[in-house]
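Enquirer: Build me a structure from this.
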Amino acid sequence: MTTPRRILDLIRHGQPGETVTVRGWVRTRRDQKEFSFVEVNDGSSMAGLQALVTDVAAEALQRVNTGASVEISGELVESPAKGQRIELKAFTLQVFGEADPETYPLQKKRHSFEFLRTIAHLRSRTNTLGAVFRVRNACATAVHHFFQERGFLWVHTPLITASDAEGAGELFTVTSLDLNNPPRTKEGAIDFGQDFFGKRAFLTVSGQLEAEIMALAFTDVYTFGPTFRAENSNTSRHLAEFWMIEPEMAFCDLDGNMTLAEDFLKYVFSYVLKHCPEDMEFFNQRIDNSVMETADNIIHNQFERITYTEAIALLEKASKSFEYPVSWGLDLQSEHERYLAEDLFKKPVIVTDYPKTIKAFYMRQNDDGKTVRAMDVLAPRIGEIIGGSQREERLDCLEQRIDELHIPKDTLWWYLELRRFGTVPHAGFGLGFERLVQFMTGMQNIRDVIPFPRTPQNAEF
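Expert: Numbering: from 1, shown residues only. The predicted structure is shown next:
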């Protein structure tokens with residue numbers, strides 16, 4: 001028996017006359033008088049491989065329906081059919097698992113994405129979701145290549161934490177206490193001192209603070225892992241569990257941070273176009289006809305760089321009316337971000353130096369006392385895709401900001417000590433991985449770019 005080969009390899013490199021074996025799932029079966037056409041897909045490519053099955057496998061063929069798993073061995077031959085170079089003339093057909101045509105939910109017809117979310121255990125077999133997850137895989141591979149080629153260390157930051165890095169307060173509590181009868185303090189509050197960790201613990205919203213620890217030993221590091229947000233938001237842009245990419249660089253300022261963010265996006269888009277051309281063309285034809293144009297815009301344009309103050313002035317002059325008000329001191333809304341990137345500059349824009357009152361405590365304060373060294377990368381069609389900053393490395397300034405925000409210092413004692421023992425200028429950014437995949441593919445709902453979405457009232461599969 002020949003070693004099974006992936007269908008993508010055969011489509012690209014297979015030659016007539018080769019004897020090969022393929023394994024996969026049946027997409028379609030079409031019966032003719034003396035033979036049947038069976039299309040098999042193994043997930044390696046958008047296209048399947050058509051097998052011509054004669055009466056040599058007549059008994060097994062009776063068990064073959066859409067969704068069945070099979071192994072077919074035979075000879076590659078030139079295909080007379082339009083749109084395919086080769087097909088497989090079957091010698092043998094083995095059925096591993098049947099699929100009842102009466103109950104298998106993925107028959108050959110168009111299904112809504114809402115319906116497909118209810119069968120997440122099967123939806124990866126569809127063209128669209130198959131393409132999504134191949135692109136997602138290529139994106140993840142590109143992330144690691146980009147940072148590894150530049151000497152970054154991949155660090156695994158904890159998923160369980162006692163601190164809220166963003167100060168958002170939307171955290172999932174991790175506990176081993178008996179929820180029906182939790183221990184109480186004298187005041188009647190739940191006594192987390194008797195919990196597993198001896199204090200209240202949460203699922204992390206960010207690995208940034210721990211990444212700063214590692215950057216101040218290894219210079220350049222990055223995290224790439226799951227993060228959690230207990231935000232009760234049922235929208236097409238929010239997940240309760242999502243993946244984050246967070247590089248952190250010692251001896252780096254805001255300019256270096258912006259350059260890395262721009263280089264990163266260009267690299268990832270270029271990598272995916274090279275490794276998933278058929279999938280990206282599919283998205284451009286079937287999902288959003290601006291997908292390829294967007295990729296080209298990212299790769300071949302130098303990103304515009306403006307300050308928040310300049311952005312506000314441009315928005316105030318805009319002829320377009322906005323739903324949300326524009327005023328210095330208010331955060332930019334998605335409609336403002338998209339106007340800057342789509343309508344005004346028609347390419348990605350990096351906005352810097354936001355008011356400190358709308359940004360996190362750890363961002364480095366500017367000399368004006370009003371703004372911080374923050375940055376957001378805004379992209380056409382989606383708005384903010386990357387958020388980051390130069391971090392506050394001066395102990396006195398950091399303590400002052402923590403006091404202003406009434407953050408308990410005892411929970412950040414180790415973070416403050418980093419500023420006492422060999423502090424350096426450092427910077428980093430965060431990028432939601434699903435947001436990146438959604439942006440790249442043109443998919444409208446973020447729940448369709450992660451295999452098993454976690455959202456309010458939904459933790460299936």
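
Enquirer: Tabulate the CA atom coordinates of stretch 13-21 in CSV.
Expert: Only the C-alpha atoms of stretch 13-21 are listed here, as CSV (Å, rounded to 0.1, in the frame of the first residue of the first chain):
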residue,chain,number,x,y,z
HIS,A,13,2.3,18.5,-7.7
GLY,A,14,0.6,15.2,-8.6
GLN,A,15,1.3,13.8,-12.0
PRO,A,16,-0.7,11.4,-14.3
GLY,A,17,0.5,7.8,-13.9
GLU,A,18,1.3,8.1,-10.2
THR,A,19,-0.2,5.5,-7.9
VAL,A,20,-1.5,7.2,-4.8
THR,A,21,-3.7,6.8,-1.7
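
Enquirer: same question for that stretch, mean pLDDT?
Expert: Stretch 13-21 shows a mean pLDDT of 97.

Enquirer: cool, and stretch 371-384?
Expert: Per-residue scores along stretch 371-384 average to 94.

Enquirer: Tell me which helix or strand the closest residue in space to Ser44 that isn't next to it in sequence sits in.
Expert: Excluding the flanking residues, the one nearest Ser44 by C-beta to C-beta, 6 or more residues apart in numbering is Leu8, at 3.8 Å. C-betas here are computed from N, CA, C, even on glycine. Here Leu8, judged by DSSP states H and E, is contained in helix 7-13.

Enquirer: ok, residues contacting that helix?
Expert: The contact list for helix 7-13, computed with C-beta atoms under 8 Å, 6 or more residues apart in numbering, reads 20, 22, 24, 40-42, 44-45, 47-49, 76, 85-86.

Enquirer: Tell me which residues of stretch 102-122 come out buried.
Expert: Neighbour counts over stretch 102-122 (16 or more other C-beta atoms under 10 Å) mark 106, 116-117, 119-120, 122 as buried.

Enquirer: Just give me the closest of those residues to Val424.
Expert: Ala120 (45.1 Å; C-beta to C-beta).

Enquirer: What are the phi and psi values at that closest one?
Expert: Dihedral angles of Ala120 (phi, psi; degrees, to the nearest 10) stand at phi -60, psi -20.

Enquirer: Then Gly383?
Expert: Dihedral angles (degrees, to the nearest 10) for Gly383: phi 90, psi -140.

Enquirer: right, and out of the buried residues of stretch 102-122, which lies closest to Leu216?
Expert: Closest to Leu216, out of all of those and judged by C-beta to C-beta, is Ala120, at 40.8 Å.

Enquirer: where does the stretch 151-300 of the chain have low pLDDT?
Expert: Applying pLDDT under 70 to the stretch 151-300 of the chain flags residues 164-169.

Enquirer: Within its sheet, name the partner strands of the helix or strand where Gln390 lies and how each one runs.
Expert: Here Gln390 sits within strand 383-390, counting by DSSP H and E. Strand 383-390 has its sheet partners listed here by DSSP bridges as strand 374-379 (antiparallel), strand 426-432 (antiparallel).

Enquirer: Sketch out the helices for the protein, chain order is fine.
Expert: 7-13, 58-61, 113-117, 127-149, 208-218, 254-275, 277-286, 291-300, 308-317, 334-338, 395-404, 413-417, 433-441 (DSSP state H).

Enquirer: a markdown table for those, including distance to Leu171?
Expert: Below are the helices of the chain laid out as a markdown table (distance: least, C-beta to C-beta, whole Å):
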| stretch | distance to Leu171 |
| --- | --- |
| helix 7-13 | 42 |
| helix 58-61 | 54 |
| helix 113-117 | 26 |
| helix 127-149 | 25 |
| helix 208-218 | 14 |
| helix 254-275 | 26 |
| helix 277-286 | 34 |
| helix 291-300 | 33 |
| helix 308-317 | 28 |
| helix 334-338 | 24 |
| helix 395-404 | 19 |
| helix 413-417 | 17 |
| helix 433-441 | 19 |
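
Enquirer: To Ile72, which of the ones you listed lies closest?
Expert: helix 58-61 (9.6 Å).

Enquirer: name the helices or strands packed onto the closest one?
Expert: Where contact means 3 or more C-beta pairs under 8 Å, 6 or more residues apart in numbering; DSSP states H and E, helix 58-61 is packed against strand 86-97.

Enquirer: Can you list the neighbours in contact with the strand it packs on?
Expert: Identification of contacts with strand 86-97 by C-beta under 8 Å, 6+ apart yields 10-11, 14-16, 20, 22-23, 38, 49-54, 56-57, 60-61, 63-64, 68-79, 81.

Enquirer: Over to stretch 260-273?
Expert: Residues from elsewhere that reach stretch 260-273, judged by C-beta under 8 Å, 6+ apart: 135, 138-139, 141-143, 145-146, 247, 249, 252, 280, 295, 298-299, 302-303, 348, 350, 375, 377, 379, 385-386, 388, 429, 431, 436, 440.

Enquirer: Mind giving me the PyMOL select for these, buried ones only?
Expert: Applying 16+ other C-beta under 10 Å to the contacts of stretch 260-273 leaves a buried subset, and the PyMOL line that selects it is:
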select buried, resi 135+138+139+142+143+146+247+249+252+280+295+298+303+348+350+375+377+379+385+386+388+429+431+436+440
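
Enquirer: still on that earlier bit, and the gap between the residue nearest to Ser44 and Leu273?
Expert: To Leu273, Leu8 is 16 Å away according to C-beta to C-beta, to the nearest Å.

Enquirer: Over to Ile407?
Expert: Ile407 is 44 Å from Leu273, by C-beta to C-beta.

Enquirer: same check, this time on Phe202
Expert: From Phe202 across to Leu273, the span is 38 Å (C-beta to C-beta).

Enquirer: next one: Leu93
Expert: Leu93 is 37 Å from Leu273, by C-beta to C-beta.

Enquirer: cool, Asp31 as well?
Expert: From Asp31 to Leu273 the distance is 39 Å (C-beta to C-beta).

Enquirer: Of those two, which one has the most company?
Expert: For Asp31 and Leu273, the more surrounded residue by other C-beta atoms under 10 Å is Leu273, and the numbers stand at 18 against 11.

Enquirer: Now Leu116: closest residue in space that isn't a chain neighbour?
Expert: Arg123 (4.0 Å).
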